[in-house]
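Colleague: can you look at this prediction? I've put the sequence above it.
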Amino acid sequence: QQQVKQSPQSLIVQKGGIPIINCAYENTAFDYFPWYQQFPGKGPALLIAIRPDVSEKKEGRFTISFNKSAKQFSLHIMDSQPGDSATYFCAARMSGGGADGLTFGKGTHLIIQP
Amino acid sequence: DAGVTQSPTHLIKTRGQQVTLRCSPKSGHDTVSWYQQALGQGPQFIFQYYEEEERQRGNFPDRFSGHQFPNYSSELNVNALLLGDSALYLCASSPVGAAGELFFGEGSRLTVL
């Protein structure tokens, strides 16, 4: 059973646009929500993460918006560049110290056109 | 500072064989997790090792086993390989007290024929 649902599956945006990737979860025991970026042939790299006690977190051009009541969170990429073209994964982790693994969404293949 | 290193990068096995994958964590990290990433999917948690013991396990059969050594490096073993075991196997390490902050290696691509 997929516990983190990610959409869209793929996304094409013009350079300078703001791609938005959405994730929804069911389990209210999740307490940590990271986003990972993966380039072909590479492992995922942590981009930005948020906890449920804040509604927004910004790091550089990347912003996470978090809606605890709706159990949804999203990634916004400001001033997108062709170098941002990659697969993006949202994830969630259960509370309790980190022994549990991350539950990942299925990923969004993002293409930024020049 | 070397990141997470994995070996081998690619390997091909046949059904029924056994495979061992290796991982060295990032310097200063003592917790190692293993994930399986099928083509076009997100990574799936296999298990996590800390202080040479398996702390937590995902929904994987006993054919998947692991080990952590005193130097924090780790091995993933898969027995009786099935075609469906073909995937990218990712190792991730994390520092003490920040087990959610995973640093991934580039993975070992396993093909089962």
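Modeller: That came through fine.
Colleague: okay, which residue is most central for chain B?
Modeller: residue B:34 (3.2 Å; C-alpha atoms, centre = their mean).
Colleague: quick one: residues contacting the closest residue to that residue other than its chain neighbours.
Modeller: Leaving aside its chain neighbours, residue B:34 sits nearest to residue B:46 (4.3 Å; criterion: C-beta to C-beta, 6 or more residues apart in numbering or on different chains). C-betas here are computed from N, CA, C, even on glycine. Shown in contact with residue B:46 (C-beta atoms under 8 Å, 6 or more residues apart in numbering or on different chains): A:101, B:33, B:34, B:35, B:36, B:57, B:58, B:60, B:64, B:66, B:76.
Colleague: quick check: which element contains the last one?
Modeller: Just to be clear, that refers to residue B:76. strand B:74-78 (DSSP states H and E).
Colleague: next structured bit after that strand?
Modeller: strand B:87-94.
Colleague: compute the inter-axis angle for that next one and strand B:74-78.
Modeller: 150 degrees (axes from the mean of the first three to the mean of the last three C-alpha atoms, to 10 degrees).
Colleague: strand B:87-94 pairs with which strands?
Modeller: Here strand B:87-94 has these sheet partners by DSSP bridges: strand B:31-37 (antiparallel), strand B:103-104 (antiparallel), strand B:108-112 (antiparallel).
Colleague: run the chain-centre distance for it.
Modeller: 5 Å (C-alpha atoms, centre = their mean, to the nearest Å).
Colleague: okay, now residue 83: neighbour count?
Modeller: Picked chain A for this. Residues near residue A:83, counting by other C-beta atoms under 10 Å in any protein chain shown, number 8.
Colleague: chain B is the one I meant
Modeller: When neighbours are counted by other C-beta under 10 Å, residue B:83 comes out with 10.
Colleague: sorry, back to before: from residue A:63, how far off is the residue nearest to the centre of chain B?
Modeller: 31 Å (C-beta to C-beta, to the nearest Å).
Colleague: next: residue B:111.
Modeller: Distance, residue B:111 to residue A:63, by C-beta to C-beta: 39 Å.
Colleague: tell me which helix or strand residue A:65 sits in.
Modeller: strand A:62-67.
Colleague: follow-up on the earlier one: check which residues of the strand holding residue B:76 are buried.
Modeller: Using 16 or more other C-beta atoms under 10 Å in any protein chain shown as the test for burial, strand B:74-78 gives B:74, B:75, B:76, B:78.
Colleague: partner strands of the lowest-mean-pLDDT helix or strand in chain B and their direction?
Modeller: Lowest by mean pLDDT, DSSP states H and E among the helices and strands of chain B is strand B:53-57, with a mean of 90. Looking at strand B:53-57 with DSSP bridges, its partner strands are strand B:44-50 (antiparallel).
Colleague: what's the most buried one of the strands paired with strand B:87-94?
Modeller: Among those, the stretch with the highest mean neighbour count (mean count of other C-beta atoms under 10 Å in any protein chain shown) is strand B:31-37, at a mean of 26.
Colleague: which residues touch it?
Modeller: A:98, A:101, B:23, B:25, B:43-50, B:55, B:60, B:66, B:68, B:72-74, B:76, B:87-96, B:99, B:102, B:104, B:107.
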